[in-house]
Structure formats: C-alpha cells, structure tokens
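Colleague: Got a predicted structure here, sequence first:
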Amino acid sequence: MKRIPFSAVFPKPHPLSGQHTEFQAKIYMGLKTTTMRAGNWQPGVVQPYYWRDKPYRSPHVVWPFTLRVYAVVHLSITRNGVGYFHRKDNCLLKKDWASMAQYEGLTEDVLVAWFPVDCAMNLLCFTPEAAADFGRAKVESVAYGMSEEQLRHEVSLVRCDVCSHKWVAVRPEGLPWLECPNCANMVQI
Ligand SMILES: [Zn+2]
C-alpha cells in the first residue's frame with residue numbers, strides 16, 4: 001500500500017512553525033477531507049504516517065487507520081484561490097481560500113501561509129462528498145475526450161491587447177487564446 005506523509009508540526013517558514021497540525025485527529029473526525037500534494041497520485045487506499053522527527057531522516061509513525069483517495073484533481077494555486085477542472089460542468093472553476101480552508105481543516109490565513117508561491121498541485125479527496133464537489137477530473141477525463149495533459153492548468157498574468165486589461169488567468173495547459181473578461185476580445189497567449 002502506498003504511504004502518504006503528513007506533517008506532524010507546521011514546517012518552516014510557516015508562521016505556526018513547530019506547532020502541532022493535529023491532522024490525524026482532524027482527518028479521523030472528518031474535519032479535514034482533502035490534502036494538496038505535488039507529484040503523481042492515484043485514487044485508491046493509502047496509509048498515512050508522520051515523520052517521527054525530521055522529514056526523510058526519521059522513522060515513519062504509521063497512523064492506526066488507512067485513507068481512501070476518492071479522487072485526484074489537478075489544482076492551480078494562485079493568490080486569489082484555487083483553480084480546477086469541474087467534471088460536471090466541463091469547465092474551469094475556482095474556489096476561494098476560505099472554502100479551501102474548510103476542506104483542509106485549517107483557517108484561511110494558516111492555509112494561505114502554507115503556499116507562499118503560485119504552483120500546480122494535486123488535490124486528494126478523502127470523502128465522496130469532496131470528490132463529487134471538485135469532480136473526478138483525472139478519472140473521467142476520457143469521458144470528455146480530453147487527455148490528462150489537457151486537464152493540467154497553467155497560471156500567468158495575461159494582458160489584453162485591445163483594452164489593456166490585465167488578469168491572472170488559470171486555464172488548461174496549451175490553450176492558445178483566452179477571452180478578455182473586460183472586453184471579450186480573444187487574446188493570444
Ligand atoms: Zn480586453
């Protein structure tokens with residue numbers, strides 16, 4: 001069974017560095033139903049653990065229960081929130097940080113501080129409800145005739161060449177143009 005590490009304490013340079021995360025209790029009680037991870041993850045059963053001391057340089061402290069990953073959803077993490085592909089509406093959606101914090105079992109400030117830079121991550125959903133909310137993009141990408149690459153997101157600052165409006169755009173990787181939210185011009189990117 002694949003193992004998945006959780007931080008027992010908040011890492012440096014997080015403002016709560018050294019304090020206990022209580023992730024094991026929060027997940028057990030259903031107060032944390034997702035986790036954001038780099039790397040490649042698949043739906044299935046995983047065994048969570050803490051590092052006894054320093055990450056990668058101390059023994060695993062295996063939790064007394066396993067977790068089922070119901071869905072793996074590609075995320076684009078930005079200052080404004082989290083972008084992802086929604087299977088039901090077949091479109092890109094965004095969740096604000098306050099909503100994400102509820103899933104992650106943290107306050108908004110504490111969660112935002114965990115991700116100081118924009119990045120791409122996977123969201124692992126530990127409940128059917130979370131999986132249904134975010135959409136099983138990875139599992140069901142075939143149903144939309146889209147490859148996994150097409151479901152991956154890019155984030156960048158885009159400037160409209162007609163009205164000069166600037167915005168941070170989250171979109172599937174490789175999309176050649178975007179509609180300007182201000183003037184509806186199609187902007188080449
Ligand atoms: Zn424009």
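Modeller: Great, that's in hand. Numbering: from 1, shown residues only.

Colleague: where does this structure have its least confident helix or strand?
Modeller: Least confident helix or strand, the chain: helix 137-140 with a mean of 43, by mean pLDDT, DSSP states H and E.

Colleague: shaky segments in this structure?
Modeller: 86-91, 136-154, 170-176 (pLDDT under 70).

Colleague: the domain parsing of it - what is it?
Modeller: Domain ranges of the chain: 2-144, 152-188, per automatic domain parsing.

Colleague: would you turn those domains into JSON lines with distance to the ion and mean neighbour count?
Modeller: (Each C-beta comes from the backbone N, C-alpha and C, glycine too.) Shown next, in JSON lines, are those (distance: least, CB to the ion, whole Å; neighbours: other CB atoms under 10 Å):
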{"stretch": "domain 2-144", "distance to the ion": "19", "mean neighbour count": "16"}
{"stretch": "domain 152-188", "distance to the ion": "3", "mean neighbour count": "14"}
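
Colleague: residue contacts, the residue nearest the centre of the chain?
Modeller: Geometric centre of the chain, nearest residue: L123, 3.8 Å, by CA atoms, centre = their mean. By CB atoms under 8 Å, 6 or more residues apart in numbering, L123 lies in contact with 34-37, 71-75, 82, 84, 134.

Colleague: Identify those among these that sit within helices.
Modeller: Counting by DSSP state H, the part of the contacts of L123 found in helices is F134.
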